[in-house]
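*Asks:* Here is my input; please provide its structure:
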Amino acid sequence: LAETIKFLISCYLLDESRKRDPDGTQITKQWRTVIMFPVPSLIYLFHNNIQFLFLKFVDPATYQILGNLKIVTTGVLFWLILKRKLTKLKWMALLMLLVGATTSQLNTCGDKAFSAPATGYFFGVLSAFMSAF
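*Replies:* Residues are numbered from 1 along each chain as shown. This next block holds a predicted model:
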């Protein structure tokens, strides 16, 4: 719903801008340029919806802590995709952040190992990976 409202407002503002100055607002019609826009917008759309699913299964504190995993996934994808070197210190920082986020979710009181359902953690990891893109 929010994305639809944003889209409608954008269409309205574009229409108003073109009415005021038809030559000032240019829209590209080259397919090579246009084809680049849907990919990040679709990732953004799915990421926003996954975050709401994530919040449905975990409490706000868990959401904030596991939200730090996007730093870890960004670092790993930075290394994998961009072939950039990470120093030992940066690897250690990423490892400590991963261990800290994981151990914070351990349930020390009770029969379950983790404090939230597995579905919540799945959406959290998926959200972290999508935000890294």
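*Asks:* Assign the nearest residue to residue 50 once chain neighbours are set aside to helix, strand or coil.
*Replies:* The shortest distance from residue 50 to any non-neighbouring residue, by CB to CB, 6 or more residues apart in numbering, is to residue 127 (4.9 Å). Heads up, the C-betas are built off the backbone N, CA and C, glycines and all. Under the three-state scheme (DSSP: H, G, I helix; E, B strand; the rest coil), residue 127 adopts helix.
*Asks:* Please report how far the residue nearest in space to the middle of the chain lies from residue 101.
*Replies:* Most central in the chain under CA atoms, centre = their mean is residue 131, positioned 2.5 Å from the mean C-alpha point. From residue 131 across to residue 101, the span is 14 Å (CB to CB, to the nearest Å).
*Asks:* How about residues contacting stretch 53-61?
*Replies:* 63, 66, 116, 117, 119, 120, 121, 123, 124, 127 (CB atoms under 8 Å, 6 or more residues apart in numbering).
*Asks:* Now with 10 Å, please.
*Replies:* With CB atoms under 10 Å, 6 or more residues apart in numbering as the test, stretch 53-61 has contacts from 62-67, 104-105, 115-128.
*Asks:* Where do the helices of the protein begin and end?
*Replies:* Along the chain, counting by DSSP state H, helices occupy 2-20, 31-34, 38-57, 60-67, 69-81, 88-103, 118-132.
*Asks:* Check the model's average confidence along the third one for me.
*Replies:* Averaged over helix 38-57, pLDDT sits at 86.
*Asks:* ok now it, how far from the chain's centre?
*Replies:* The chain centre lies 7 Å from the centre of helix 38-57; the measure is CA atoms, centre = their mean, to the nearest Å.
*Asks:* Look at residue 108 and report its pLDDT.
*Replies:* 60.
*Asks:* what's the answer for residue 91, then?
*Replies:* Reported pLDDT at residue 91 in the predicted model: 94.
*Asks:* and it, what is it in contact with?
*Replies:* 75, 76, 79.
*Asks:* at 7 Å what do you get?
*Replies:* Contact partners of residue 91, counting by CB atoms under 7 Å, 6 or more residues apart in numbering, are absent.
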